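Asks: give me coordinates for this.
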Amino acid sequence: MDQPVATKPGLAERAVRAARTQRVCQSFQRRHDSPEQWNRWTRHARVARTAAAALQVPLDAVTVLDDPFRPYNTRDAGQVPGDLIVVTDPDTQDRWAFIPDLSAPGEAWLLLDRCPGCNGEVPVARIAILADLGDYLEPGGYVWPIGDARHDPAHQHDCTFTARDHD
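Replies: As a prediction, this is how the structure comes out:
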């Protein structure tokens with residue numbers, strides 16, 4: 001008896017799955033409200049594509065949300081929400097969060113992890129490729145923390161880590 005041949009999901013099925021994943025993003029929900037919202041959505045989409053390629057995960061594993069702690073200053077619109085990049089591992093369902101590394105826009109990100117002083121999600125490592133994440137995760141690999149961590153706005157007001165000298 002012949003075994004059924006496994007086939008990849010078709011474009012329509014993949015498109016619906018992608019839409020369901022992106023509906024958690026306010027920028028996706030509001031993308032047709034105005035030209036500004038469309039520009040914001042296309043920027044989020046570009047960030048997701050770049051992060052997915054660098055971290056070697058499927059695009060539908062990456063969601064770009066508005067960062068509640070880190071706004072961007074723009075020339076025309078004043079402050080706008082920053083990007084919070086969430087990658088969900090398709091195999092383990094582990095969640096990883098990143099923000100753009102403004103020292104290398106569009107090329108690298110800052111991995112967020114728990115602060116030892118207040119448990120806020122703060123930048124702990126610079127990530128440009130999957131190996132950078134592996135270096136952080138491997139015991140004895142990465143030396144924590146990066147300088148950006150101490151001044152991050154996600155710290156609690158009474159955080160003991162921000163008060164220490166880390167330079």
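
Asks: give me the helix or strand of the protein that scores worst on average pLDDT.
Replies: Least confident helix or strand of the chain, by mean pLDDT, DSSP states H and E, is helix 26-29 with a mean of 80.

Asks: which other helices and strands does the very next helix or strand once past that one contact?
Replies: Later in the chain than helix 26-29, the nearest helix or strand by DSSP states H and E is helix 35-55. Applying 3 or more CB pairs under 8 Å, 6 or more residues apart in numbering; DSSP states H and E, one finds that helix 35-55 contacts helix 26-29, strand 62-74, strand 78-88, helix 130-137. Backbone N, C-alpha and C define where each C-beta goes, glycine included.

Asks: beta partners for the residue sitting nearest the centre point of the chain?
Replies: The chain has I85 as the residue nearest its centroid, 1.6 Å off, counting by CA atoms, centre = their mean. Beta bridges link I85 to V64, F98, judged by DSSP bridges.

Asks: isn't it right up against T50?
Replies: No: using CB atoms under 8 Å, I85 is not in contact with T50, being 9.4 Å away.

Asks: could you list the low-pLDDT ranges of this structure?
Replies: Where the chain drops to pLDDT under 70, the residues are 1-8, 77, 141-145, 148, 163-167.

Asks: rerun that using 90 as the cut-off
Replies: In the predicted model, the chain carries pLDDT under 90 at residues 1-31, 35-37, 39-41, 43, 60, 65-82, 90, 102-106, 113-125, 135-167.

Asks: returning to what we had before: with distance to P100 as added columns, please give the helices and strands packed on helix 35-55 in a markdown table.
Replies: Listed next are the helices and strands packed on helix 35-55 as a markdown table, based on distance: least, CB to CB, whole Å:
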| stretch | distance to P100 |
| --- | --- |
| helix 26-29 | 15 |
| strand 62-74 | 9 |
| strand 78-88 | 6 |
| helix 130-137 | 15 |
